[in-house]
Structure formats: C-alpha cells, structure tokens
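> below is the structure, and that's it, no one-letter string:
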C-alpha cells in the first residue's frame, strides 16, 4: 500500500482491516494484512518518479495483490498497475487522465478528481437558468486548468454559451496582477453577467474587488461563482465520530464529488449586519438517474439572499446589444395621425406667415394719401416757353386755416 505524506489520513486503514477481519461473513478463512511504504515527497526530482515504481515492484514480488494509493499524482503508478493487471485504489488523486478506462482499466478512486466539480458547477448554472457565463481560470492551484477544461467541455455538451474565457497567472496581490484582473473586468462586463472563477481564494477576493470598482455588484445584476476544491470544514470537532455515507463511483472508476454551495449569511442572532456575516452552507447536490446532480437547498427557509429578491439574469431581456427584442411593428394609425397633425401645423404656419407679411405691407402704406381726399386745381402755366398742365393739390383739411399760397407742381403729361 502506497501513501505520500498521508500517514494521518491512513490512520483509519488499520481499523478498516480489523473490522473486515472480524466479520466472518466477508472473507471466509482469509485475513487481510497491509504493508505501508513511504514513497517520499513530490518535489519534481528524478527520485520521486522512480521510488513509487521501485516500491510497487518490490511489493508485487512479495505477492501483494492490490495497491491503495498513492495520495497525489498517480498516472505512472496507475499505468503500471494496469500493465500488471492488478487493482489500484487511490484515496486522493486528482489526475484526470486516469479516468480513461481503455488504458487504466484497473484503477479506481474514492475521492473525486478535481474535474468532477464541473458537474456541480453546470448543475448550479442550469438550476438558476444561467446559460451564458464567463470563465476566469488561474494556473494555480494545480487543478485549476483541469477544472476549467472540464467545465468548458461539459458546458458545450449541455449547450451552454461561454461568453469569455480568460486565464490569469499565479496570483500575487501586486499592482500588475490586480491591474490585469481589472482589465479582464473592463473587457467582459458589458457582455457578461455570470462569472465562474477558478483559482486561489485570494485571487477571487481581488477579482470581486475589481468588479466592485465598477459598482457592478450593488445592483444585484452580476454573480460570481467561485470553485474551491478543498474540503469544507466549518468547525473542528473535539469528539470522534464514526458514521457511514454513500460514495458514488461512475463507470470510469471515479468517485462523484460531494460538493456544497456556500454563500454569505447572517450569523445566528444577527440580522442585516455586514460585520456579522460569514460564508455558510445553503445547498448540496444529489445524484439521480440524470448525468448531472440535482441542486437542492439544505433548508427551504435558508436560501441564497439575492440582492434583488431573485437570481440575476444571465443576460438582459433584450440581449446584451438589444438583438433579442425585434423592432415594434409599424402602426399606420399613429403615422397617419402624425402626418395630419403635421399638415395642420404647416398650413396654420403658412397662414400666419402670409398674415404677417400682409400686416407689414399695410404698415408701409400708412403714410400715403388716398386719391379720393385730393382736389386738383388746374392752371395754365408757362415754363421755359413750354405749356404744361400743372396741378395744385389741396386737401380739404387745408381749408381750416392752413397756408394755401404754397403750390406743388408736377408734370402729368405732354
């Protein structure tokens, strides 16, 4: 039996062996025994890649019939066990390649590989009708790229749309890395509402801060789903408990993950106090006959406290660019009415302009004398030896004492 720095975890192995040996109905006339071997640390040196193979070879020569382990990387060990046609059960191996049973046909594991979380993520997205989302994936932890690939593949199978896929390097909270995250937010927020973040916890916190820098989280229209493959243990218990639970093994020999959905909730005894809130479990996943697990709330009265009272939409009603809302049909009644009103205003405007011009013309004629008010006195006058008819105009109003000795002459013809 191989193990890598999991002596504490494997402390339950002697108890399991003892329980099996004491049960006469399990192995009649047979007893189990185990042989632990330390294969060293995973430090990337040549010694690590050789030591597990050497230890497995020694154990096979001593008639060992099965292997338990190793506790971390297991690709080369699983391949060797398949070549020898010997069963190998790993209690903690995250390599996705060993799920290929055409090659690793003797391998199984009791802890789900990191890529198994993809089923729970897709199930959560489908439960809230989030069929469009963006993936922000980090290169660390080591399982980050595998999880991102698994989510992309499963999303394509379930006909979900990935609006954006962005990778971030090892996150160290410096100006350059935070600026890079802010650039990602600036590039994606207009065509994304749901983000799936895969990476270190500190990177997730900085990513949420970048969203908040644009005030995207105050309206409740944006959502961040963070994937954490570590074991969730809200409290360390002082007592020791022995309990049974179900483990689902699929056709590839991989255990299905037992994942929990946690969110920010009020601490007991406090309400609407941000300083007294913490991440608490609200839901879990149940495996059914479907290929995807089913999301369920742990308690119906303890659900996710949505800011707007309901889950955000994966995209606006009319789409990110209004492409989902066709233009409204033309209503000819309103068009005809608008044209008639416009014509009335145009005609009224024309009359007003004509009236204005007429008034201006009349105002210019007020100084002229009507011909009816003029009396003409005809005299014969010689001017320069020529006879001309001259007129002396005399207004009726001049008779009241005005000077009539003045005369005005004008030539009216020859």
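Right, received. Where do you want to start? Here the structure is a predicted model, which means the values were calculated and not measured. Numbering: from 1, shown residues only.
> counting neighbours, which bits of stretch 203-218 end up buried?
For stretch 203-218, burial by neighbour count (16 or more other C-beta atoms under 10 Å) applies to 203, 204, 206, 207, 208, 210, 211, 216, 217. C-betas here are computed from N, CA, C, even on glycine.
> give me the contacts around it.
Contact with stretch 203-218 is made by 136, 138, 168, 171, 173, 177-178, 181-182, 184-186, 189, 195, 197, 222, 224, 226, 307, as judged by C-beta atoms under 8 Å, 6 or more residues apart in numbering.
> restricted to strands, list those.
136, 138, 168, 195, 197, 224, 226 (DSSP state E).
> and after the helix or strand of the chain with the lowest mean pLDDT, which helix or strand comes next?
Least confident helix or strand, the chain: strand 2-3 with a mean of 42, by mean pLDDT, DSSP states H and E. Using DSSP states H and E, the helix or strand that directly follows strand 2-3 along the chain is helix 12-22.
> what ranges do the strands span in the stretch 201-350 of the chain?
223-227, 260-266, 277-286, 294-297 (DSSP state E, counting those that start in this stretch).
> wait, which of the buried residues of stretch 203-218 is closest to residue 251?
Minimum distance to residue 251 across these is 33.1 Å, recorded for residue 204 (C-beta to C-beta).
> what is the burial count for residue 125?
Number of residues near residue 125 (other C-beta atoms under 10 Å) recorded here: 24.
> and it, how far from residue 132?
Taking C-beta to C-beta, to the nearest Å as the measure, residue 125 falls 9 Å from residue 132.
> do residue 18 as well
With C-beta to C-beta as the criterion, residue 18 and residue 132 are 53 Å apart.
> among these two, which residue is more densely surrounded?
Under the criterion of other C-beta under 10 Å, the comparison of residue 18 against residue 132 puts residue 132 first, with 19 against 11.
> quick one, phi/psi of that one?
Dihedral pair for residue 132: phi -130, psi 130, per degrees, to the nearest 10.
> ok, it touching residue 159?
No - proximity of residue 132 to residue 159 does not meet the contact threshold set by C-beta atoms under 8 Å, at 11.0 Å.
> which neighbours do residue 125 and residue 132 have in common?
In contact with both residue 125 and residue 132: 160, 194, using C-beta under 8 Å, 6+ apart.
> show me the helices in the chain, by range?
12-22, 46-61, 75-84, 117-127, 144-157, 175-188, 201-213, 332-365 (DSSP state H).
> by how many degrees do the second one and helix 75-84 diverge?
Which is helix 46-61. 30 degrees (axes from the mean of the first three to the mean of the last three C-alpha atoms, to 10 degrees).
> surely residue 136 and residue 197 touch.
Yes - using C-beta under 8 Å, residue 136 is in contact with residue 197, at 4.8 Å.
> so which of these two has more stuff around it?
Neighbours were counted for residue 136 and for residue 197 using other C-beta under 10 Å; residue 136 has more, 25 against 22.
> can you pull up the bridge partners for that one?
The bridge-partner assignment for residue 136, based on DSSP bridges, gives residue 166, residue 197.
> how long is stretch 265-274 end to end?
9 Å (C-alpha to C-alpha, to the nearest Å).
> any buried residues in it, and which?
Within stretch 265-274, the residues scored as buried using 16+ other C-beta under 10 Å are residue 265.
> low-confidence bits of the stretch 301-414 of the chain, can you list those?
330, 362-371, 374, 378-414 (pLDDT under 70).
> redo that, cut-off 90
Scanning the stretch 301-414 of the chain for pLDDT under 90 picks out the ranges 301-302, 307-309, 317-339, 342-345, 348-414.
> show me the domain layout of the chain.
Using the TED database, the domain parsing of the chain gives 1-109, 114-233+250-268+275-297.
> would you turn those into JSON lines with distance to residue 372?
Listed next are the domains of the chain as JSON lines, based on distance: least, C-beta to C-beta, whole Å:
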{"stretch": "domain 1-109", "distance to residue 372": "115"}
{"stretch": "domain 114-233+250-268+275-297", "distance to residue 372": "82"}
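> which one of those has the lowest average pLDDT?
Of all the domains of the chain, the minimum mean pLDDT falls on domain 1-109 (a mean of 80).
> ok now it, how far from the chain's centre?
Centroid separation for domain 1-109 versus its chain: 42 Å, with C-alpha atoms, centre = their mean, to the nearest Å.
> nearest to residue 332, of the buried residues of stretch 203-218?
Distances from residue 332 to those, taken by C-beta to C-beta, are shortest for residue 216, at 42.8 Å.
> got phi/psi on the closest one?
The phi/psi pair for residue 216 (degrees, to the nearest 10) is phi -90, psi -20.
> most tightly packed of the strands of the stretch 201-350 of the chain?
strand 223-227 (a mean of 19; mean count of other C-beta atoms under 10 Å).
> so what strands line up beside that one?
Partners of strand 223-227, by DSSP bridges, with direction: strand 194-198 (parallel).
> no more questions from me, cheers.
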